[in-house]
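Peer 1: please find the sequence and the predicted model below.
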Amino acid sequence: MSGRLEWQELPAGVREAVQDHTGQVVKAESAPVGRNSAFAASLATAEGPVFCKGGRTDSPQAVMHRNEAAVNPYLPEDLAPRLLWHVERDGWLLLGFDHVSGQHADLSPGSPDLPLVADAVKKISRITPQRASRRMIADHWEVALANEPADERAAHAPRHMRGSTLVHSDLNPLNILVADTARIVDWAWWRTGAAWIDPAFAVVRLVAEGHRPAHAEEWAAQFDGFREAPAEALTAFAASLVCLWGRRFAGTAATEAARSWADHRTANGPRFP
């Protein structure tokens, strides 16, 4: 995001609170990508490397950071970086995570990263957070669609999306770090819902990286939730993505991929009630 602060620009009291957990910070390297944190950096500290992110408590992004802190205890360490600590001081909320090395996932056809990404998506599908009903993606989707122009297919999506499975909902390559395994970062948008939803989000990302929609669906069919999902659920979901992203993110690769997938699903006749 533009205007991201450097370590030395944080209030002195906030830096002191961080160093109460880490020891002295000897070097800070700002993250080159991302848009949800006013501060995000790899910190070289007396206790070892830490990834630190956060922002002001009065900003809209503060909710996202609290979401990450809430879900992290449910995430296995081989799936997501462990939350080590969090500090709230002088109007700032910062989270400190295990530092995970790796490259952003390559989702292009034939990439060796694809099996690792699949393993990570399967791990997500096995997680059911407690009190999940408080963050149901179906409810969120219903409200979001109500603010968009009516679309017959998209309107059916929320009723298919209910479930108790963890949903990351933003499996773009920047949120997937690959080394010996794939780890998923940035859990700000997690919800709970049907088991097919994250694989369906992955279909869109695969199409954006060069897969044909039919081949992306074949890849997603390795997941039980996606393979067993009603055809009308997937068609309605694809249409809802076009509806929700078309105005806010018009012209982006993800939006155009969602449009290609939706067109594919209706090319041989409508696959919805």
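Peer 2: Received it, and whenever you're ready, just let me know what you need. Residues are numbered from 1 along each chain as shown.
Peer 1: spatially central residue in this structure, please.
Peer 2: When C-alpha atoms, centre = their mean is applied to the chain, the residue found nearest the centroid is D170 (2.8 Å).
Peer 1: secondary structure element holding it?
Peer 2: Assessed by DSSP states H and E, D170 sits outside every helix and strand.
Peer 1: need the contact list for it.
Peer 2: Neighbouring residues of D170 by C-beta atoms under 8 Å, 6 or more residues apart in numbering: 186, 188-189, 201. Where C-beta positions appear, they are placed from N, C-alpha and C, glycine not excepted.
Peer 1: and the two most separated of the residues you listed?
Peer 2: A188 and F201 (14.5 Å; C-beta to C-beta).
Peer 1: which residues in this protein form strands?
Peer 2: Taking DSSP state E as the criterion, the chain carries its strands at 25-30, 39-45, 48-56, 83-89, 92-98, 103-104, 165-167, 176-178, 182-184, 191-193.
Peer 1: possible to save these as JSON lines with mean neighbour count?
Peer 2: Formatted as JSON lines, these follow (neighbours: other C-beta atoms under 10 Å):
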{"stretch": "strand 25-30", "mean neighbour count": "14"}
{"stretch": "strand 39-45", "mean neighbour count": "20"}
{"stretch": "strand 48-56", "mean neighbour count": "21"}
{"stretch": "strand 83-89", "mean neighbour count": "18"}
{"stretch": "strand 92-98", "mean neighbour count": "21"}
{"stretch": "strand 103-104", "mean neighbour count": "13"}
{"stretch": "strand 165-167", "mean neighbour count": "25"}
{"stretch": "strand 176-178", "mean neighbour count": "22"}
{"stretch": "strand 182-184", "mean neighbour count": "23"}
{"stretch": "strand 191-193", "mean neighbour count": "24"}
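Peer 1: figure out which of the ones you listed is closest to G110.
Peer 2: Nearest to G110 among those is strand 176-178; the distance by C-beta to C-beta comes to 14.8 Å.
Peer 1: mind checking the pLDDT average for that closest one?
Peer 2: For strand 176-178, mean pLDDT rounds to 98.
Peer 1: appreciated, that's everything.
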